[in-house]
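Q: the following block contains a protein sequence and its predicted model.
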Amino acid sequence: MNITELNDMQQEAVRHTDGPLLIIAGAGSGKTRVLTYRIAYLIEECGVDPYNILAITFTNKAAGEMKERVADITPTGDHVWVSTFHSMCVRILRRFAESVGFTRDFAIYDTDDCKSVMKELFKKNNVNTEYYKERGVLSAISAAKDELKTPQDLKQEAQSDFKLKTIADLYEQYQDELKRNNAMDFDDLIFKTVMLFKEDPVALETYADRFRYIMVDEYQDTNTSQFQLVSLLAGKWRNLCVVGDDDQSIYKFRGANIENILSFERVFDGARVIKLEQNYRSTSMILNAANSVIKNNGRRKGKSLWTGNEEGDKVSLLMYDNAYQEGEGIASTIAGILRDGYSCDDFAVLYRTNAQSRIIEEKLLIANIPYRIYGGVNFYQRREIKDILAYLKVLINPSDGQSLRRIINVPRRGIGQTSIDRVQTFADREGISFYEALKTGKDIPEIGNAYKKTDKFLELMEGFKEAAAEETIEELVQRILDETDYINFISSGLTADEIADKQDNIDELFSKITDFESGHDVQEDDPLSALNAFLEEVSLVADTESGESEGAKVSLMTLHSAKGLEFPVVFMAGMEDGLFPSYMAISIVDEDKSELEEERRLCYVGITRAKKKLFMTFARERLVRGERHTSRISRFVSEIEPSLIERVNNSYVGDDFGFENAGASAISDGSEPASPAKEEKPRWRGGFVPKNKAKFDFMSMGSAKRTSPAGAGFKKTGEAHASPDTAGSGGYVSTSGTGFGKDFLKEFNPGAGASKAADTDSSYTKPSTSKFSAGDRVSNERFGDGTVTNVEDKGRDNLLTVEFDEMGVKKMFEGFINLRKI
DNA sequence: GCCATTTCCCTTTTT
DNA sequence: GGGAAATGGC
């Protein structure tokens, strides 16, 4: 570890080891670096035992990365406890399970499980579903738990509020039911750990004493219960370092309390505050765009991010008539840049809602551009996966009635709803679990002849239980599949494609199991505890990366999941009012702007993911829940200072697109005559086969074969000025300001010397000359070594032609490619 | 108890 | 437009 690699502020943050510390870390300011160096510094320079250090993150991904990076810079780094809030709590709760009234094998219920528990409670209580929705009640309960409110607290609060009283009532029953199932939901994990620490001094002392140095990442996303948890843990030594960025707080909807970061200094007396304001990630153009958006928010801690990086390109705005064109435009723009020597890994397409991914996906597939989707439907929530896991869960925790009921008749065993209800009634009457009730078999008075079937099921499960004690997880799952003939069951009535899909998922589960087992010391652990650990990981990991992860791929994800990541080229798709900011946020027009401000922070997060180039795309029309929707451009786009953004393409030819900065009147793009839709020439000029045919091929050939190569006929960048033809929808123009929209820019940027800015030949040029010249030997990570054969001044950037030794001749923009002289 | 058809809800974001 | 849950006929 060499601390002098850090800038002054970063060093200060690393060196300030004792006492409370708040690090306000702007986007791309090297936050993770500071955290990892700080840990290494504690170990190496201060002689702190890694065992006494705790680092808490929000996502498993972040935890994994931090673990890795700490281990990289300091040998004993892997002894540091780096964990998410939730998995840390699980670990603590397993150890002290009895203290909170559970056994150490308690299950963790995901949202689906919770929903069905609630559904049963609705039935039992004859809840009027006109006024109450399961989801609504559950989120009310979740909010209560975030604020550490018990059912009793809620009841008191309710007073004569009938609705709240009902919710409090359901909350109480819900907790009872979970306890009967020996299960906790996500919020319980935090809540019960706090309760444990408050009520069991031994438990608290165990951890408070151990963790002399505590670090919390993404502090702006903590909720009240997490804040309490951290306060309790750090109470003894008071060496608490929290890192966050109030401008990147985007999880208010799930209880994040921005007060935690805003009032840190007040709560933790004598806290030091250090701001990291130098951004190492983005061009100044991108950073300024981000700043010009976020400054519209009211309550901020206040900081001014700056960068020493190059100015870079303007933010490009691509406008389309509909979401299909948008998808095509994104695909063709990516294809075009790929031809400049980029890797698919360099791109991310970010969107507000998961539903947007489908069309983009489809278009990328047609364009033969590999992609990977993050988020969406959780792998572990797919039916076949849940079924298999439910078997495993019951083996570990027979009280888990939710899982048990899921599989008792899957595959079909002739145990229907009636029998299940009868057993349940009996179990309730006797105060025993469903599984225990099953064991009573034919002695259950109301069971009738069904006991023959349930006995058989019980026998099957007991057999699995024995196997579980000695087999690996892999063997056990295989056994379950075989003995239940599950694959056959799940396959009936499906098409070959659907069956293949299920099989793929099951294979994927097997590979996850294998991964897990090879990562664990299975010899030492007995099979049951390995299984337990596996189930735990599975319930806490939302790892939703779909498909194989091999090879370079364009990343598709929601803006939320993009937090913490960075990409050279970023697309923000669907920049429309009503979609982003979401309809929810703008329909609440009262004085409470907090929803809108959260969306704006989300926009800020999105913009600051981009290192070199940012595209924003807009579709005038899109289908929302099957309905056609016309939108105006997102207000966030209008908030970007006009000199930082340019409109690049012109597939869109409507005359009112509500772009406020430009004036909402007709805007004709100077370089492209307005072309009505009925025009013969396809408006879509990305170089693909006509889209209907492409679509047809795609549909009929399945996913294995694909249509024509991406970007065929896509002209090189920067030439748009000379031949506007090439710059139809999606045309990527790297030399910003050229080619398009002198008129547009004039209107777009009234009175700001727009015409000059729009002209390549004006004084508005790149700041310095190229650091390369013909004949230079250079090296690039992807392409290896090569020789520069030509350097062209393209206005705002230099176009390099490089002859790589192995990869052939590539043209690339200097500002884009990571090239070093050798 | 099983299966096909209809209905519903969804879409803000996730540990 | 789509996927899961509820309904109703067998």
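A: Noted; the coordinates are in hand. Remember, it's a predicted structure, so these values are computed and weren't measured experimentally.
Q: okay, now the sheet partners of the helix or strand harbouring A:Val778, with direction.
A: A:Val778 belongs to strand A:777-780 when assigned by DSSP states H and E. With DSSP bridges as the test, strand A:777-780 is paired with strand A:784-793 (antiparallel), strand A:819-821 (antiparallel).
Q: columns distance to DNA strand C and mean neighbour count on top of the ones you listed, output as CSV?
A: (Glycine included, C-beta is placed from N, CA and C.) As requested, those are exported to CSV (distance: least, CB to the nearest atom of the strand, whole Å; neighbours: other CB atoms under 10 Å):
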stretch, distance to DNA strand C, mean neighbour count
strand A:784-793, 43, 16
strand A:819-821, 44, 14
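Q: in CSV, list those along with distance to A:Phe571 and mean pLDDT.
A: Converted to CSV, the strands paired with strand A:777-780 look like this (distance: least, CB to CB, whole Å; pLDDT from 0 to 100):
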stretch, distance to A:Phe571, mean pLDDT
strand A:784-793, 26, 76
strand A:819-821, 24, 68
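Q: between those strands, which one is closest to A:Phe264.
A: strand A:819-821 (41.1 Å; CB to CB).
Q: for the stretch 151-300 of chain A, which residue gets nearest to DNA strand B?
A: Using CB to the nearest atom of the strand, the single residue of the stretch 151-300 of chain A nearest to DNA strand B is A:Phe253, 3.5 Å away.
Q: what's near enough to touch that residue?
A: A:Glu598 (CB atoms under 8 Å, 6 or more residues apart in numbering).
Q: and if you look at A:Lys163?
A: A:Lys163 neighbours (CB under 8 Å, 6+ apart): A:131-132.
Q: before we move on, which element is it in?
A: Going by DSSP H and E, A:Lys163 is in helix A:162-180.
Q: avg pLDDT for that helix?
A: For helix A:162-180, the mean per-residue pLDDT is 91.
Q: what are the buried residues along that helix?
A: For helix A:162-180, a neighbour-count test (16 or more other CB atoms under 10 Å) marks A:164, A:166-175, A:177-180 as buried.
Q: three-state assignment of the residue of the stretch 151-300 of chain A closest to DNA strand B?
A: Here A:Phe253 is recorded as helix under DSSP: H, G, I helix; E, B strand; the rest coil.
Q: what is the burial count for the residue lying closest to A:Ala25 once chain neighbours are set aside?
A: Nearest non-adjacent residue to A:Ala25, counting by CB to CB, 6 or more residues apart in numbering: A:Lys31, 3.8 Å away. When neighbours are counted by other CB atoms under 10 Å, A:Lys31 registers 22.
Q: and of the buried residues of helix A:162-180, the nearest to A:Thr4?
A: Nearest member of the buried residues of helix A:162-180 to A:Thr4, counting by CB to CB, is A:Leu178, at 52.4 Å.
Q: my reading is that A:Ala320 lies in a strand. Confirm?
A: Actually, residue A:320 is Tyr. It isn't Ala. Yes. Secondary structure of A:Tyr320 (three-state DSSP): part of a strand.
Q: is it bridged to anything, and to what?
A: A:Ala619.
Q: so the residue nearest to A:Ala25 sits against A:Leu276, correct?
A: Yes. At 6.7 Å, A:Lys31 counts as touching A:Leu276 under the criterion of CB atoms under 8 Å.
Q: anything in contact with each of these two?
A: A:23, A:25.
Q: what count of nearby residues applies to the closest residue to A:Met88 other than its chain neighbours?
A: Using CB to CB, 6+ apart and skipping the chain neighbours, the partner closest in space to A:Met88 is A:Ile56 (6.4 Å). A:Ile56 has 28 neighbouring residues, counting by other CB under 10 Å.
Q: again with the one 5 residues further on
A: A count of neighbours around A:Lys61, defined by other CB under 10 Å, yields 18.
Q: I'd like the distance between it and A:Lys563.
A: 10 Å (CB to CB, to the nearest Å).
Q: ok and the residue in the stretch 551-700 of chain A nearest DNA strand B?
A: For the stretch 551-700 of chain A, CB to the nearest atom of the strand, closest residue to DNA strand B: A:His560, 3.7 Å.
Q: so that residue sits against A:Leu602, correct?
A: Yes. Counting by CB under 8 Å, A:His560 does reach A:Leu602; the two are 7.0 Å apart.
Q: ok, these two, which is more surrounded?
A: Using other CB under 10 Å as the criterion, A:His560 and A:Leu602 rank with A:Leu602 on top: 26 against 16.
Q: which of the residues in the longest helix along chain A are buried?
A: With secondary structure taken from DSSP state H, chain A has its longest helix at helix A:496-519. Residues A:502, A:505-506, A:508-510, A:512-513, A:516-517 are the ones in helix A:496-519 that count as buried (16+ other CB under 10 Å).
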